[in-house]
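Just a sequence and a predicted model for now, questions to come.
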Amino acid sequence: MRIVIISVNRVTCALLMTSPNSTNATGAQPPPQAVKVDSRDLMRNAKTLWIAHGTTWYRLQETRSGKLILTK
């Protein structure tokens, strides 16, 4: 598990990156102390968002079915 902090358009959030076999499955609630951000605030009606993390860029995409995919 890894936490990535990002800031986009004055919105700062933490992305919790888990392995596919993690017990924090889709639909699970984040812990109370976690920073929570609505994806609509980040995406702002766009289908793709580019995120800089150090010198590496990541792409956050919304699929046709409304799921989010983060790729390097």
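Structure's in. What do you need?

Isn't Lys72 up against Thr56?
Yes - counting by C-beta atoms under 8 Å, Lys72 touches Thr56, with 6.7 Å between them. C-betas here are computed from N, CA, C, even on glycine.

quick one: the residue lying closest to Pro30 once chain neighbours are set aside and Gln61, what's the gap?
Sequence neighbours aside, Lys36 is the residue nearest to Pro30 in space, at 6.0 Å (criterion: C-beta to C-beta, 6 or more residues apart in numbering). Look at Lys36 and Gln61: by C-beta to C-beta, to the nearest Å, they are 21 Å apart.

So which of these two has more stuff around it?
Gln61 (14 against 10; other C-beta atoms under 10 Å).

Run through the residues that contact the more buried one.
Residues in contact with Gln61 (C-beta atoms under 8 Å, 6 or more residues apart in numbering) are Lys47, Thr48, Leu49, Leu68, Ile69, Thr71.

Neighbours of the last one, how many?
Burial measure for Thr71: 8 neighbouring residues, criterion other C-beta under 10 Å.

Please name the bridge partners of Ile69.
Taking DSSP bridges as the rule, Ile69 bridges to Gln61.

Thr63 is in contact with that one, correct?
Yes - assessed by C-beta under 8 Å, Ile69 is found in contact with Thr63 at 6.3 Å.

How is Leu42 assigned, secondary-structure-wise?
helix (DSSP: H, G, I helix; E, B strand; the rest coil).

no, scratch that, I was asking about Arg64
Once three-state DSSP is applied, Arg64 turns out coil.
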